[in-house]
Structures are given as C-alpha cells and as structure tokens.
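> Sequence and predicted structure, then a few things I'm wondering about:
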Amino acid sequence: MLESMTQNPCRVPDWRWLRAQDVAHGGPPATVRRDGATSTILIRRGARFYKSLQGCDSEERQMKLAEQTPIVFWAHYMYDQLHNPMRWSIEARILAGETDREIAMRIGCGEEIIQTYEALFFNVRDKLNRQDYIFNVVLKGAVSRGLHEREKDLLWKLVAYTGGSHLLDAIINPLVIPHWVTNPDDIPAFLQDVAINVIKKKATIAALCVPINGQTEMKLIKSLSKFVKIESSMASQGEANDQIVNGFGAMLDSLPFRVRSTKAAKAQARPLLEYDQGASELRENELMCVAAGYSMPGHELFKQCKFPEQIAKKAAQRN
C-alpha cells in the first residue's frame, strides 16, 4: 500500500494500477484528498476494469471485455506481458520524452492506448526531470547491480533516458542506421558501414554491461589507461596538424597576390584590370609580375591597344 501512495517519493511507476487492485480487493477507496483529482478517476476506472478482468474465466469473455473497454484492455494487455519487446519499447520511448502520438505511430495502435498505458501502468512523465527518481526507482536494477545484455528492457530504458529517441532507435534496430541500397555498386560500402556500426553498438552495450568486481576491476583500469594514451597521442597529432595548417596560412599570407574576394585583394587586382580592359593579353610571367606590383616595360603602349568601338560595344553587351 505504501509504495502505491501518491505522496510517496519512491512510488513505483505502476502505482495507480496497484492502488486500483487494492481498491478492488476492499482497500481504502480512492479519494481526491488521498490520491488527487486525476488519479482518483484513473484508479476508480482501473478498479472497475480489474474486477471485470477477474471475472473473465474464458477467452470468449476476454474478447467481450476487449470490445467493451478496448483502450484499457489493450493497454493492460501489453503491460501484462513482462517479456514482450512492445512493452519495453513503449516504456523506453516514454522515458525518451516522445509524445503519445509518436509512440502510437511507431507501435501501430491508437494514441489513447499509449496515453492510458502511461497514466495507469507507467506513470513517470511528471518526474522525467527528477533524475534521482528515474535512476533509483525506475532503473534501480540497472543502477544498483549493473546491466545484463539479456535485460533489454532496462538497457533500452537507460539508453532512451540518457541518449534520447535516436540513440534508442540505433540500439533497437539490428543494423543501427539502415538505408535502402538502390545501386548494386553501393553494396560493398553498405556492408562495410553495417559491420563497423554493429561492432560499435556491441562495444557500447558491452561497456554498459561489464560488471565491476575483483576479476574485472584491474582489466577496466588497464583499458582506461590505454584509452588515455590514445587520446593524448591524438591530441598531439591535432596540435601538429594545427601547426602545419598555420604554416600554410602564413605562407599564403606572405604572397604578393590573393585569390580571396576581400577589399585588399580587390585593391591589389586594380593594375590587372587595366590590362583586362585592353586589347592585349599578358603572358603568364607578365601576369605574375604585374600581380606582384612590378611595372611592365611599355606599360603605356599596352594601354593604347584597344578594340574597335563596335567590337567593344558587342563585348560589353555579352558581359
């Protein structure tokens, strides 16, 4: 009874359903003062459904109950299957902050079923920003004793709460980031991406599932030291790359000409404009000299070489 009281800071996610069962068995009735206005309605609704469910001693009566109260029936149907991945997915996506509509579209059911599931069987949305509650109550198995790879429900919930929907999709999907291959030539690249991504995913799961005990603690410390060395070497390589890039930048800045469209570059390009507007063209070595700021022999003679007036007008129209 205590674990299903609304004021209990450690109340379990399905506290309203437990209260409904207790009420159906003759426990304290649901009241606004004891459970709150919204919870009172849900608990009473759950108690009525629980009594009806207890009277279903055949599949025929269960089918009739499903027709009479489809929303609560199918929400409870998924909750009652402890090892069903559909239940794991719903609860994990609630922890990931997805809406009822988003979850319903992924699952393939009505939005009202997801809303009822969260309200009656996995009521955590009002505490998603309370990390201690999520880690110590909802995920207590994953936090207190560690994860096991087969406990996918806890793994999915942990990944969803800490990494969000996209990371959850990657963990659930066997191929991590699948995409259609529309060209046979893309098959080798697809297989390579799948192999690399799947190995990375399995390594992540393995890291989350490695327990800390007398047999693993020294191995974990040694693995950490190796990663630290790799990171330090990568950092030094990054500094070396930065020095090389800065050296190239300094070399380019020392050149007497620019290819950038800056004011300084435009100012340096003005001597060349005089030749571009004329009828004569400079050779490559002459272009380099003019761009570097040297004066060309016979500069005035070059300027006097112009196109005839009609040809110049046509050239201007084309430009």
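Here it is on my side, so go on. Residues are numbered from 1 along each chain as shown.

> Count the residues that sit near K219.
K219: 10 surrounding residues under other Cβ atoms under 10 Å. No exception for glycine: its C-beta is placed from N, CA and C like everyone else's.

> Likewise for G36?
15.

> could you measure I187 against C209, distance?
From I187 over to C209 the distance is 32 Å, taken as Cβ to Cβ, to the nearest Å.

> who has more neighbours, the two?
C209 (15 against 10).

> The more buried one touches L147, doesn't it?
Yes - here C209 reaches L147: they are 4.7 Å apart, a contact under Cβ atoms under 8 Å.

> Could I get the full set of helices for the stretch 51-200 of the chain?
59-68, 70-79, 85-95, 100-107, 111-120, 131-133, 140-144, 152-163, 165-172, 187-209 (DSSP state H, counting those that start in this stretch).

> Worst mean pLDDT among the ones you listed?
Least confident of these, judged by mean pLDDT, is helix 140-144 with a mean of 68.

> any chance of the helices of the stretch 51-200 of the chain in a markdown table, with distance to K229 too?
Shown next, in a markdown table, are the helices of the stretch 51-200 of the chain (distance: least, Cβ to Cβ, whole Å):
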| stretch | distance to K229 |
| --- | --- |
| helix 59-68 | 61 |
| helix 70-79 | 48 |
| helix 85-95 | 36 |
| helix 100-107 | 42 |
| helix 111-120 | 47 |
| helix 131-133 | 33 |
| helix 140-144 | 30 |
| helix 152-163 | 27 |
| helix 165-172 | 28 |
| helix 187-209 | 18 |
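
> do you know which of those lies nearest S39?
helix 111-120 (8.8 Å; Cβ to Cβ).

> Next, the angle from the closest one to helix 70-79.
Helix 111-120 and helix 70-79 meet at an angle of 60 degrees, taking axes from the mean of the first three to the mean of the last three Cα atoms, to 10 degrees as the criterion.

> related to what we said a few turns ago, okay, and the common contacts of C209 and L147?
Common neighbours of C209 and L147, counting by Cβ atoms under 8 Å, 6 or more residues apart in numbering, are L155.

> now the spatially most central residue of the chain: how far from G97?
Residue closest to the average C-alpha location in the chain (Cα atoms, centre = their mean): H166, at 3.7 Å. Distance of H166 to G97, given as Cβ to Cβ: 12 Å.

> swap in L65?
32 Å.

> So if I had to pick from the two, which one is more boxed in?
L65 (18 against 13).

> now that one: how far from E59?
11 Å.

> Likewise for Q192?
50 Å.

> what does M78 give?
18 Å.

> One more: M1?
33 Å.

> Show me the chain divided up by domain.
212-254, 263-318 (automatic domain parsing).

> Going by mean pLDDT, which of these comes out lowest?
domain 263-318 (a mean of 64).

> one step back: okay, M78 and E59: which has more neighbours?
For M78 versus E59, neighbours defined as other Cβ under 10 Å are more numerous around M78 (20 against 8).

> Please tell me I have it right and L18 contacts M5.
No - between L18 and M5 there is no contact under Cβ under 8 Å: 9.8 Å.

> Cool, thanks, signing off.
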